[in-house]
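Asker: Sequence unavailable; structure follows:
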């Protein structure tokens with residue numbers, strides 16, 4: 001790993017032979033902003049591959065925004081190239097179809113010749129391997145404020161070609177207040193979680209409300225593609241057992257980042273393991289809790305599209321639903337509010353107008369109740385959704401449609 005200044009790095013990037021190099025960069029709140037700025041002012045054109053890209057990534061003529069999970073920085077962009085792909089397969093996508101010319105990392109300073117990828121492991125180990133095998137360039141911004149984490153987060157300095165030094169805070173996740181309906185949903189989801197269960201929860205108000213409601217549980221385990229402040233709160237409440245907390249990436253508050261750094265309880269795994277449905281299925285009483293925007297009477301969930309346009313992507317939802325359903329005593333839960341207040345429409349619908357993100361869940365939970373759908377024939381699944389999950393004002397119309405459908 002050779003340290004250079006930003007101008008030197010820009011000159012080296014500009015001398016690369018690829019006419020339009022593909023850059024794979026850390027995503028979420030670990031975006032390597034200084035490296036991206038250098039690439040943007042140095043390279044006339046390039047492809048930028050990121051997961052859940054935050055606001056502010058380069059977006060201009062000559063830049064193609066590539067992603068299998070759309071973040072706010074790439075959402076509804078003219079130059080977006082969305083790749084439908086469940087998260088567990090993104091490393092294979094990178095290695096087989098989207099070989100990087102450059103990988104840009106955001107790392108903690110080295111210790112005894114080893115840096116840490118910090119809060120963003122995810123698909124980065126696979127990207128580094130693919131780039132090195134193809135003779136590409138691995139560059140890093142080294143930041144003392146990046147938490148030093150272990151597991152697959154560790155990377156030898158010999159695997160990094162060039163580095164610049166930065167000193168800047170990580171992006172924080174600012175949570176909106178949780179509504180009364182979301183608190184109700186969280187309590188109902190928590191009631192489905194047995195003591196000693198293994199948890200995976202996504203990000204958002206309903207997962208946060210669920211974690212709050214789980215504070216009196218005991219012996220819980222964590223195997224999740226991501227963690228945030230709610231897991232820290234469970235630890236402090238004494239709800240977690242002695243097993244390692246396994247994740248692939250993390251983001252939250254400054255206090256959360258301080259808790260994550262040098263925490264022997266937390267193990268970071270590369271995506272191929274963290275999201276492998278077979279590995280997930282081996283976790284005891286694996287319970288996945290994920291959000292959706294709509295669920296139809298065929299028990300299919302849309303968590304990816306809004307008004308027919310891609311909003312996010314598969315992410316790890318499909319991986320964890322499959323793994324949880326196969327786990328002994330495991331369950332896959334979809335949690336959502338029953339009514340879209342902005343559009344005055346039901347979230348339980350006759351059939352999806354957008355591609356399905358997932359299906360075959362154990363339960364669908366709203367503020368009105370719990371629809372127990374796993375192992376029931378199709379007609380009963382629809383009845384459960386109507387009677388226990390749909391908003392009361394939508395039920396008559398849904399029952400009429402169900403009679404013609406089934």
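Answerer: Looks like it came in fine. Treat the numbers as computed from the prediction; the structure is a model and nothing was measured.
Asker: CA atoms for contacts and neighbours, from now on please.
Answerer: Noted.
Asker: Partner strands of the longest strand along the chain, with direction?
Answerer: What stands out as the longest strand in the chain, according to DSSP state E, is strand 102-111. Sheet pairing of strand 102-111 (DSSP bridges) gives strand 22-25 (parallel), strand 114-116 (antiparallel), strand 137-142 (parallel).
Asker: Show residues contacting the helix ranked longest in the chain.
Answerer: For the chain, the longest helix by residue count, based on DSSP state H, is helix 392-405. With C-alpha atoms under 8 Å, 6 or more residues apart in numbering as the test, helix 392-405 has contacts from 297, 346, 349-350, 379, 382-383, 386-387.
Asker: now with 10 Å?
Answerer: 296-298, 338-339, 345-351, 368, 379, 382-383, 385-390 (C-alpha atoms under 10 Å, 6 or more residues apart in numbering).
Asker: Just the buried residues of those.
Answerer: Among those, the ones that count as buried by 16 or more other C-alpha atoms under 10 Å are 296-298, 338-339, 346-351, 368, 382-383, 385-390.
Asker: Now, the residues you listed that are in strands?
Answerer: 296, 339, 346, 348-349.
Asker: Would you format the residues you listed as JSON lines with distance to residue 245 and pLDDT included?
Answerer: Listed next are those as JSON lines, based on distance: C-alpha to C-alpha, whole Å; pLDDT from 0 to 100:
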{"residue": "296", "distance to residue 245": "34", "pLDDT": "98"}
{"residue": "339", "distance to residue 245": "34", "pLDDT": "97"}
{"residue": "346", "distance to residue 245": "37", "pLDDT": "98"}
{"residue": "348", "distance to residue 245": "34", "pLDDT": "98"}
{"residue": "349", "distance to residue 245": "37", "pLDDT": "98"}
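Asker: which two from the residues you listed end up farthest apart in space?
Answerer: 296 and 339 (13.2 Å; C-alpha to C-alpha).
Asker: joint contacts of those two?
Answerer: Listed contacts common to residue 296 and residue 339 are 347-348; contacts here mean C-alpha under 10 Å, 6+ apart.
Asker: Let me see the domain layout of this protein.
Answerer: Domain assignment for the chain, taken from automatic domain parsing, gives 2-165, 180-405.
Asker: The shortest one - what's its average pLDDT?
Answerer: On average, the pLDDT along domain 2-165 is 97.
Asker: Relative to residue 31, how far out is residue 310?
Answerer: 22 Å (C-alpha to C-alpha, to the nearest Å).
Asker: Between these two, point out the one with more neighbours.
Answerer: In this view residue 310 and residue 31 are compared by other C-alpha atoms under 10 Å, and residue 31 has more residues nearby, 25 against 18.
Asker: check contacts around that one.
Answerer: 25, 50-54, 56-57, 104-106, 120, 141, 170-171.
Asker: Residue 120 versus that one, what's the distance?
Answerer: Counting by C-alpha to C-alpha, the gap from residue 31 to residue 120 is 9 Å.
Asker: How about residue 280?
Answerer: Per C-alpha to C-alpha, residue 280 is found 20 Å from residue 120.
Asker: what's the answer for residue 252, then?
Answerer: 12 Å.
Asker: again, but for residue 75
Answerer: For residue 75, the distance to residue 120 - C-alpha to C-alpha - is 21 Å.
Asker: quick one, which of those two is more surrounded?
Answerer: Set residue 75 next to residue 120 and count neighbours by other C-alpha under 10 Å: residue 120 wins out with 29 against 21.
Asker: Help me confirm that the more buried one comes into contact with residue 267.
Answerer: No. Using C-alpha atoms under 10 Å, residue 120 is not in contact with residue 267; the gap is 11.9 Å.
Asker: which residues do the two both contact?
Answerer: Contacts common to residue 120 and residue 267, judged by C-alpha under 10 Å, 6+ apart, are 149, 153, 247-248.
Asker: what's around residue 96, how many residues?
Answerer: Residue 96: 10 neighbours (other C-alpha under 10 Å).
Asker: For residue 248, see how far away it is.
Answerer: Taken as C-alpha to C-alpha, the span from residue 96 to residue 248 is 21 Å.
Asker: same question, residue 19
Answerer: Counting by C-alpha to C-alpha, the gap from residue 19 to residue 248 is 33 Å.
Asker: Next: residue 256.
Answerer: Noted for residue 256: a distance of 15 Å to residue 248, by C-alpha to C-alpha.
Asker: More neighbours: which of those two?
Answerer: Ranked by neighbour count (other C-alpha under 10 Å), residue 256 and residue 248 place residue 248 first, with 26 against 19.
Asker: Spit out the contact partners of the more buried one.
Answerer: Residue 248 sits in contact with 119-123, 151-153, 223-227, 267-275, where contact means C-alpha under 10 Å, 6+ apart.
Asker: next one: residue 159
Answerer: By C-alpha under 10 Å, 6+ apart, residue 159 lies in contact with 1, 114-115, 128-129, 132, 137-139.
Asker: just residue 240 next, same as before
Answerer: The neighbours of residue 240, taking C-alpha under 10 Å, 6+ apart as the test, are 195-198, 214-222, 231-234.
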